[in-house]
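> Next come a sequence and a model predicted from it.
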Amino acid sequence: MLYDLHALRKRKVTLKVSIALRVILPICQNGNSLVTYERSELNRGLTVDCCTKKLIAWYDKHHRLLPWRQTRNIYHTWVCEVMSQQTTLAVVTPKFAEFVKHLPTVDDLAACDEEKLRQLWSGLGYYARARNLKKGAQCIVERRNGNFPQSYQEWLEIPGCGSYTAAAIASICCHEKVACVDGNVIRVVSRLLALQDVWSSLGKSAIQAYVTRIQPDNRPGDFNQAMMELGATVCRKTKPQCLLCPLQEHCLAFAKNCIELCPPKKPRRDAVNVELFAVVIWRKTTDAIAIVKRTKGFLSNTVGFPLVSENEVEETKNLLKSLPHLQLLELPNRFSHSITHHRISTKVLVAQEIENASVAPQIHILQDLYWVARSDINSKLSTSLDKKVLLLFQNYYAT
């Protein structure tokens with residue numbers, strides 16, 4: 001049986017389930033409806049404290065040796081938490097090492113110029129995170145004299161720092177008892193309690209309350225990391241390693257054989273199909289390529305190739321063909337790329353210069369170009385989409 005919090009709210013019932021934790025979860029704001037999770041006879045007297053100790057003992061023995069965990073460095077924790085949002089650790093780990101090597105302190109980050117920041121963030125995506133990180137660093141340097149916030153509420157005052165990031169930093173570095181709930185934690189709790197309604201505001205509030213109740217006063221940061229680590233490495237989305245789980249005997253979904261159903265798939269917004277054309281302007285005589293800082297439209301505030309929408313492409317092609325010093329070629333292949341809720345189909349237009357001449361004044365969409373040697377261009381590109389464009393271009397002209 002799977003428990004639906006919306007149904008429970010209507011029925012206002014008390015459930016007894018076979019888990020080791022006795023927790024009361026408010027499932028509506030006014031507190032009138034409650035779900036009580038109690039120990040059953042099968043649990044043989046296990047307590048919340050016992051489960052917490054099991055989880056932290058497992059974490060002490062099995063946690064991954066990530067570079068930001070080597071010391072309790074509040075700056076490193078902040079940077080890694082921002083980098084890790086919607087990005088895999090396999091990508092984050094080498095980028096983190098490079099980032100803190102070039103920007104070892106919050107003062108260095110606050111003073112970093114945009115081009116260098118863009119290069120250091122290249123490959124991580126969602127560049128707005130980097131801009132907000134710099135704004136936060138400037139706030140700490142200018143308004144707090146370089147002193148980091150020391151509580152959850154103080155971190156919430158830092159630009160770009162949301163509730164999850166603030167909770168992670170405050171618990172890990174400041175030892176404040178505040179719960180972190182990410183997708184991994186939602187999955188762990190959903191399975192422990194065999195909950196289905198986890199994505200609604202009601203379900204998320206219930207899970208937040210649950211994790212807050214079981215979080216220990218001692219080592220709250222390690223507890224948060226242990227919950228996230230368990231979800232990432234053992235209680236995985238697919239092929240969970242239940243036999244290795246320290247909380248297996250307390251897991252209702254395991255007992256009911258419904259692990260694969262908890263949590264249900266998160267409702268997704270329908271993807272928007274976008275067709276783009278990237279324009280590679282190539283000066284073959286010097287093997288240089290023109291790029292631009294995009295200030296508006298799709299992928300604004302990033303550096304890469306000029307992008308043209310499907311509606312503008314025919315006009316742009318005609319303008320490029322009309323310039324006597326250019327030869328225009330549309331590469332035969334296209335590639336797909338996804339960004340948040342956009343599914344992007346991209347083709348590449350190559351405008352090869354026959355003579356050195358300025359393209360920008362004649363075509364408004366290609367203004368503010370600057371030339372970069374092809375050997376250096378990869379480090380200048382902000383997005384993985386631009387790097388795919390470059391790879392397609394290089395592969396075509398290598399044949």
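Looks like it arrived, so ask away.
> Which residues lie in contact with the nearest residue to Arg118 once chain neighbours are set aside in this structure?
Spatial nearest neighbour of Arg118, excluding adjacent residues (C-beta to C-beta, 6 or more residues apart in numbering): Ser382 at 5.1 Å. Every C-beta, even on glycine, is put in place using the N, C-alpha and C of the backbone. Going by C-beta atoms under 8 Å, 6 or more residues apart in numbering, Ser382 touches 118, 121-122, 127, 299, 302-304.
> let's see 10 Å
Residues near Ser382 by C-beta atoms under 10 Å, 6 or more residues apart in numbering: 115, 118-119, 121-125, 127, 130, 291, 293-294, 299, 301-304.
> same question, Lys284
Here Lys284 is in contact with 327, 352-354, 374, 397 (C-beta under 10 Å, 6+ apart).
> one step back: quick check, pLDDT for the residue nearest to Arg118.
The confidence metric pLDDT takes the value 82 at Ser382.
> Same check on Cys235?
Cys235 is assigned 97 on the pLDDT scale.
> Same question for the one 10 residues further on.
For Cys245, the model assigns a pLDDT of 96.
> Nearest residue to it in space, ignoring adjacent ones along the chain?
Val234 (5.2 Å).
> Pull up the gap between the one you found and Glu312, please.
From Val234 across to Glu312, the span is 50 Å (C-beta to C-beta, to the nearest Å).
> Equivalent analysis for Trp199, please.
From Trp199 to Glu312 the distance is 38 Å (C-beta to C-beta).
> Which one's more surrounded, the two?
Set side by side, Trp199 and Glu312 show unequal neighbour counts under other C-beta atoms under 10 Å, the larger going to Trp199 at 15 against 12.
> Quick one: low-confidence residue ranges for this structure.
1-48, 354-367, 399 (pLDDT under 70).
> Now list the buried members of the contacts of Ser382.
Buried members of the contacts of Ser382, counted by 16 or more other C-beta atoms under 10 Å: 118-119, 121-125, 127, 130, 291, 293-294, 299, 302-304.
> Which parts of the stretch 151-300 of the chain are strands?
Here the stretch 151-300 of the chain has its strands, by DSSP state E, counting those that start in this stretch, at 272-283, 288-294.
> Could I get the CA-only coordinates of the helix or strand where Ala90 lies as CSV?
Using DSSP states H and E, Ala90 sits in helix 89-102. This file holds the C-alpha atoms of helix 89-102, laid out as CSV (Å, rounded to 0.1, in the frame of the first residue of the first chain):
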residue,chain,number,x,y,z
LEU,A,89,29.6,15.6,-9.5
ALA,A,90,31.7,14.0,-12.3
VAL,A,91,31.6,17.4,-14.0
VAL,A,92,31.8,19.5,-10.8
THR,A,93,34.8,17.9,-9.2
PRO,A,94,37.5,19.0,-11.8
LYS,A,95,35.9,22.4,-12.3
PHE,A,96,35.8,23.0,-8.6
ALA,A,97,39.5,22.3,-8.3
GLU,A,98,40.3,24.7,-11.1
PHE,A,99,37.9,27.4,-9.7
VAL,A,100,39.4,27.5,-6.2
LYS,A,101,42.9,27.3,-7.7
HIS,A,102,42.4,30.6,-9.6
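> Return the set of buried residues in it.
92-93, 95-96, 99-100.
> quick revisit: just send the strands of the stretch 151-300 of the chain back as a markdown table, with distance to Ile172 too.
Putting the strands of the stretch 151-300 of the chain into a markdown table (distance: least, C-beta to C-beta, whole Å) gives the following:
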| stretch | distance to Ile172 |
| --- | --- |
| strand 272-283 | 37 |
| strand 288-294 | 36 |
